[in-house]
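Colleague: below is the sequence, then the predicted model.
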Amino acid sequence: MPLEVNGKTYETDEEGYLANLNDWTPEVAEALAAADGETLTDNHWEVINFLREYYEEYQIAPAVRVLTKAIGKKLGKDKGNSKYLYELFPYGPAKQACKYAGLPKPTGCV
Amino acid sequence: MADFETPELFKHIHVPKIQPGSMESDGPFIAKPEHQDPLCFPGELVDDWETKAVEEMGNAVKKYRGLRVFLDSCVKCGACTDKCHYFLGSADPKNMPVARQDLFRSVYRRYHTPTGRFLGKLGLGWLVGAKEMSKEVLDDWWNYYHQCSECRRCSVYCPYGIDTAEITMAARDVMARVGRGMKYSNEIIGKVYKIGNNLGLPEPALADTLEGLEEDIEDDTGVKVELPLDREGVEILLVTPSADFFAEPHVDGLMGYAKVFHEAGVTWTLSSKASEAANFGLFIGNYENMRRIALRIREAAIDLGVKRIVFGECGHAWRVAYSFLNTLAGPFDFLDQRYPIPQHICEFTWDLIQKDKLKFDPSENDWMTLTFHDSCNVARASRMGDKPGGQFTIPRNIIKTVCNNYVDMAPETIGEGTFCCGGGGGLLTDDLMPVRVKGAMPRMTALNNVVQEEGVTHMAAICAICKSQFSKVLPYYNMGMDMIVSVHQLVSNALILTGQNSDEDEAESPAEAANE
């Protein structure tokens, strides 16, 4: 199911993840979220931006604990926990946030 | 997400009235050529795949004599019919183990037994339950052999000891060999070859993650506990599922192993080459891939010059390690023969507990009441310690040492008769969510009963798949995703490290800060 944003078509996999990492733009992220019926707020963007920075450096999404710690440092301890992240990304921060950040879905026993 | 109904929980696990076709579907996502290629499978369904599938089936029954016995010996007594969690949760009669086996058995009869061949040619194969290989058969295999988690519960009750999992594995292997592979498992195996683990976690990311965990333990306890990576010349190589680096509650278990090693005073390391205990070669029933994955562990042990190999909390990895590692990747004559080869982290911890080498404050876990989920591959395909049933008693003994409140679930749902979590055997993928949720019903029933009647708040497990599966399916049954915990997370909570900040110290510091 290809994704259309501003007249441009982007290839996605069976679950709607971007097929090509380089296709990602903030508008694509908004469209990916809209396809799930979600609207991205500043809080979502904090997480998405961190995921992209981490991916840039390590070629993988951060572990849940790495993510909660980083968010806690940035936004305060009350937000540095998986409960907060699940409120933002109900389908799981690892999977849903990666999708909007244009990163591949984490695989394995997770 | 596909729409589906979550089964209702009752006091007892009912045998449902059958609903033919209720689980018919297209099955899981099919592997693309780039997922098939690293495993040496054809990229897509080959020409003349019907003939080739029949040939591959012939090779399988020649190579695995057990498989032929399992296919020949079923007398249709029906003892297995109500033992499968997927049947109990879905009511689809093709999920009765005997019926699921018969999808493969009928083709075997047609092409690989004398009567089937003779009658089949006359168009009378049906007289002996023989069936032609066809697209319809392939589609049924694809769908229903991915509604079996290879948990082997049905085999416990089979009077002939037929191992249904072997038939599922053989069917999946035949399909992969003719070009129909499963995306989830095969993509993951490709990552193990390319990067070293199921997640695709590269060495720098792993090093960064481990460093973060060291900081966390030090912040929490004041003790510097190391989580070394690729350290040569140490005593122990720890091989653990990569989910332990990534997910919750898995990572809390990993910190528990590190604290136990620290307190035991042994030297140890993780390996970036063998940064994965899981062996999905087992799930897809393919010996060559299972062996190739297992050999990484041998190579890492030799490269690092370790004397012992210890496995972390991973169910099927322990099956492969305990039952097959020596023939797959042995001999392990270079390891210290005085210790079990390989050893389970629970054996390691329990040994220290028995020698009184660890100090605990079980009241740290008093806010929870625990139960324990026996993971299928540990329960029915391996053992721990030196006594029969050690795989059941050792994890429970550890929990009872570190927790004051422990209750077992109903006896027919634990131990050898344990119900699978619903996500094992390569089914832990979002495209199989209806299968996973329905298949979890028996375990959820047993858990819900001890929650209601005994005040259980948490369930511990020693398998990465079980932990991930439960955190995903518990909410479907109106229970909290954080009810599932790692056994070594409980150990970690209660373990008192030498030189650790005591609670009094912690209580003092805010007061001191206030005085300043």
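Modeller: Perfect, I can see it now.

Colleague: chain B contacts on chain A?
Modeller: Proximity of chain A to chain B, by Cβ under 8 Å from any Cβ of the partner chain, involves residues A:14-15, A:57-60, A:62-66, A:69, A:82, A:86, A:92, A:94-95, A:104, A:106-110. In short, each C-beta sits where N, CA and C put it, glycine included.

Colleague: for chain B, what's the nearest residue on chain A?
Modeller: With Cβ to the nearest Cβ as the measure, residue A:108 is the residue of chain A nearest to chain B, at 3.2 Å.

Colleague: run a quick neighbour tally on that residue.
Modeller: Residues near residue A:108, counting by other Cβ atoms under 10 Å in any protein chain shown, number 27.

Colleague: residue B:500 now?
Modeller: Each residue near residue B:500 was counted by other Cβ under 10 Å, and the total is 18.

Colleague: hang on, residue B:261 in a helix?
Modeller: Yes: under DSSP: H, G, I helix; E, B strand; the rest coil, residue B:261 falls within a helix.

Colleague: so which of the residues of chain A next to chain B sit within strands?
Modeller: Using DSSP state E, no member of those falls in strands.

Colleague: any chance of a PyMOL selection covering the buried ones in these?
Modeller: A single PyMOL command selects the buried members of the residues of chain A next to chain B (16 or more other Cβ atoms under 10 Å in any protein chain shown):
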select buried, chain A and resi 58+60+62+63+64+65+66+69+82+92+94+95+104+106+107+108+109+110
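
Colleague: which residues touch the closest residue to chain A within chain B?
Modeller: Nearest residue of chain B to chain A: residue B:198, at 3.2 Å (Cβ to the nearest Cβ). By Cβ atoms under 8 Å, 6 or more residues apart in numbering or on different chains, the contact set of residue B:198 is A:107, A:108, A:109, B:188, B:191, B:192, B:241, B:242, B:243, B:276, B:278, B:280.

Colleague: check residue B:251 too.
Modeller: If a contact means Cβ under 8 Å, 6+ apart, then residue B:251 has A:63, A:64, A:65, B:213, B:244, B:245 as its contacts.

Colleague: so can I have CSV of the residues you listed showing distance to residue B:178?
Modeller: CSV is the format used below for the contacts of residue B:251 (distance: Cβ to Cβ, whole Å):
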residue, distance to residue B:178
A:63, 38
A:64, 39
A:65, 42
B:213, 44
B:244, 35
B:245, 36
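
Colleague: turn those residues into CSV, including distance to residue B:252 and pLDDT.
Modeller: Shown next, in CSV, are the contacts of residue B:251 (distance: Cβ to Cβ, whole Å; pLDDT from 0 to 100):
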residue, distance to residue B:252, pLDDT
A:63, 12, 93
A:64, 11, 90
A:65, 9, 91
B:213, 10, 97
B:244, 9, 98
B:245, 12, 97
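
Colleague: nearest to residue B:298 among those?
Modeller: residue B:244 (20.8 Å; Cβ to Cβ).

Colleague: now do that closest one against residue B:430, distance only.
Modeller: Counting by Cβ to Cβ, to the nearest Å, the gap from residue B:244 to residue B:430 is 21 Å.

Colleague: between these two, which is the more surrounded one?
Modeller: Taking neighbours as other Cβ under 10 Å, residue B:244 and residue B:430 compare with residue B:244 leading, 29 against 17.

Colleague: hmm, residue B:321 and residue B:311 touching each other?
Modeller: Yes: with contacts counted by Cβ atoms under 8 Å, residue B:311 reaches residue B:321, the gap being 5.1 Å.

Colleague: just the pLDDT for residue A:83.
Modeller: Residue A:83 is assigned 89 on the pLDDT scale.

Colleague: now do the contacts for it.
Modeller: Residue A:83 touches nothing, counting by Cβ under 8 Å, 6+ apart.

Colleague: before we move on, the earlier item: the residue of chain B closest to chain A sits in which helix or strand?
Modeller: Assessed by DSSP states H and E, residue B:198 sits outside every helix and strand.

Colleague: before we move on, what about residue B:453?
Modeller: Using DSSP H and E, residue B:453 falls in helix B:441-454.

Colleague: check what contacts that helix and list those residues.
Modeller: Here helix B:441-454 makes contact (Cβ under 8 Å, 6+ apart) with B:7, B:9-13, B:85, B:88-89, B:369, B:371, B:373, B:407-410, B:413-414, B:419-422, B:456-457, B:459, B:473-474, B:477, B:479.

Colleague: ok now it, how far from the chain's centre?
Modeller: Here helix B:441-454 shows a centroid-to-chain-centroid distance of 21 Å under the convention Cα atoms, centre = their mean, to the nearest Å.

Colleague: and the stretch 151-300 of chain B, which residues reach chain A?
Modeller: Applying Cβ under 8 Å from any Cβ, we find that the stretch 151-300 of chain B lies next to chain A at B:184, B:187-188, B:191, B:197-202, B:204-205, B:208-209, B:212-213, B:216, B:241-243, B:245-248, B:251, B:278.

Colleague: name the residues contacting each of residue B:311 and residue B:321.
Modeller: Counting by Cβ under 8 Å, 6+ apart, the residues touching both residue B:311 and residue B:321 are B:239, B:277, B:342.

Colleague: you'd agree the last one is up against residue B:311?
Modeller: Pointing back at residue B:342 there. Yes: counting by Cβ under 8 Å, residue B:342 touches residue B:311, with 5.5 Å between them.

Colleague: which residues are common contacts for the two?
Modeller: B:239, B:321.

Colleague: may I have the helix ranked longest in chain A exported as CSV, CA atoms only?
Modeller: Taking DSSP state H as the criterion, chain A has its longest helix at helix A:42-58. Provided in CSV are the C-alpha atoms of helix A:42-58 (Å, rounded to 0.1, in the frame of the first residue of the first chain):
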residue,chain,number,x,y,z
ASP,A,42,5.4,18.2,20.0
ASN,A,43,5.6,15.4,22.5
HIS,A,44,5.5,12.8,19.6
TRP,A,45,8.2,14.8,17.8
GLU,A,46,10.6,14.8,20.7
VAL,A,47,10.6,11.0,20.5
ILE,A,48,10.7,10.8,16.8
ASN,A,49,13.6,13.2,16.5
PHE,A,50,15.5,11.3,19.2
LEU,A,51,14.9,8.0,17.3
ARG,A,52,16.2,9.5,14.1
GLU,A,53,19.3,10.9,15.8
TYR,A,54,20.0,7.6,17.4
TYR,A,55,19.5,5.7,14.2
GLU,A,56,21.8,8.0,12.4
GLU,A,57,24.6,7.1,14.8
TYR,A,58,23.9,3.4,15.5
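
Colleague: that one: which residues count as buried?
Modeller: Quick answer for helix A:42-58 (16+ other Cβ under 10 Å): A:44, A:46, A:47, A:48, A:50, A:51, A:52, A:54, A:55, A:58.

Colleague: ditto for stretch B:329-342
Modeller: B:329, B:332, B:335, B:339, B:340, B:341, B:342.

Colleague: residues in contact with the first one?
Modeller: Which is residue B:329. By Cβ under 8 Å, 6+ apart, the neighbours of residue B:329 are B:291, B:294, B:295, B:297, B:298.
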